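K.L.:
Requesting a structural model of the entry that follows:
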Amino acid sequence: MTANILLFKITLLLYFGATVLFLVDVIGRLEKTGRFARWLLVGGFTVHSAALVARFVASGFTPSATLHESLSFFAWTVVGIYLLFDLRYRLAVLGAFVCPLALVLMIAGSAAPMGVQPLNPMLDSWWFPVHVTLAFLGNAVFAIAFGAGIMYLLQERMLKSKKFSALYYRLPSLQTLDSINYKCLTFGFPLMTMGIISGAIWANSAWGGYWRWDPKETWALITWFLYAALLHGRLTIGWRGRRAAIFAIIGFLCLLFTFLGVNLLLTGEHSFRAMGGR
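P.N.:
Numbers count the residues shown, from 1 in each chain. A predicted model of the protein is given here:
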């Protein structure tokens, strides 16, 4: 077993432990458990970073070319962005929604072939790390908005029905959740936009055209319009609260399909089969 795969598996175990502790914190209302979960997640992120560095050393390129690498890289950005938000908001309950997502990505990544594969010549460009880093960072920020959106709807439902579960007492206020949603939009939308622009520049150098209406490009544009509509609605006609939360959830599901559904189910230049990454 190579070093990068060993570190990947250790990371998976640490994320699993952090997920369990975050859930225990929320269900059992044990704040100390949340602190342990946070530190375990920090440890997992550190080991994960080392795994990606080891992968880069072994392959010689940014570790996001294959399905396994892409899922691992996405999970890494999700955890990293969550930890940054946690410095500002200190919400262990948000970890109970975000950490399981990172764990699922890691489990899916462990099911894909993990060996290092030769890089497709099409990906051998300086634009490759720029494009994928911007795109995954944008995706990760919107994953936080997705978690905040779910929490908003749960909180609102309990308030309206006046039926309060244990989760209610761990959730922040609706105003805080809406604020997180808005901050995610203001950071995630520019990252997504720069990811699409860098991808278009890269496409021009690789295929001789900025836009080919490849399924990936089409779905990326659909996702971009969804978030653009949300940003426009917030800035001009005061979209807030429930509507913004629903948009954040739909936008992230669309984003997930753009990332995984298009690459796995549809044909095109971006599929893992076309890139030789499967």
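
K.L.:
Can you pull out the low-pLDDT segments for the stretch 151-278 of the chain?
P.N.:
In the predicted model, the stretch 151-278 of the chain carries pLDDT under 70 at residues 267-278.

K.L.:
what's the burial count for Thr176?
P.N.:
16 (other C-beta atoms under 10 Å). All C-beta atoms are positioned from the backbone trio N, CA, C, and that covers glycine.

K.L.:
Nearest spatial neighbour of it, chain-adjacent residues omitted?
P.N.:
Leaving out its chain neighbours, the residue that sits closest to Thr176 by C-beta to C-beta, 6 or more residues apart in numbering is Tyr89, at 7.2 Å.

K.L.:
what residues are up against the one you found?
P.N.:
By C-beta atoms under 8 Å, 6 or more residues apart in numbering, the contact set of Tyr89 is 172, 176, 180.

K.L.:
Give me the subset of those lying in strands.
P.N.:
Among the contacts of Tyr89, no member falls in strands (DSSP state E).

K.L.:
What is the nearest of the residues you listed to Gly209?
P.N.:
Comparing the contacts of Tyr89 against Gly209 with C-beta to C-beta places Ile180 closest, at 38.5 Å.

K.L.:
what about that closest one, distance to Leu87?
P.N.:
13 Å (C-beta to C-beta, to the nearest Å).

K.L.:
now swap in His48 and tell me
P.N.:
18 Å.

K.L.:
Looking at those two, which is more packed in?
P.N.:
Here His48 and Leu87 are compared on neighbour count by other C-beta under 10 Å; more neighbours surround His48, at 26 against 7.

K.L.:
Surely that one and Thr11 touch.
P.N.:
Yes: with contact defined as C-beta atoms under 8 Å, His48 counts as touching Thr11 (4.2 Å).

K.L.:
mind listing the helices for this structure?
P.N.:
3-28, 31-59, 67-89, 92-111, 127-161, 174-207, 215-236, 241-256, 262-265 (DSSP state H).

K.L.:
number of nearby residues for Gly95?
P.N.:
Neighbours of Gly95 (other C-beta under 10 Å): 27.

K.L.:
Sorry, wrong one. I was asking about Lys163.
P.N.:
Lys163, neighbours per other C-beta under 10 Å, totals 9.

K.L.:
repeat for Ser70
P.N.:
24.

K.L.:
what does the one 5 residues further on give?
P.N.:
Residues contacting Ala75 under the criterion other C-beta under 10 Å number 30.

K.L.:
What residues does it make contact with?
P.N.:
Counted by C-beta under 8 Å, 6+ apart, Ala75 has contacts 15, 48, 102-103, 105-106, 109.
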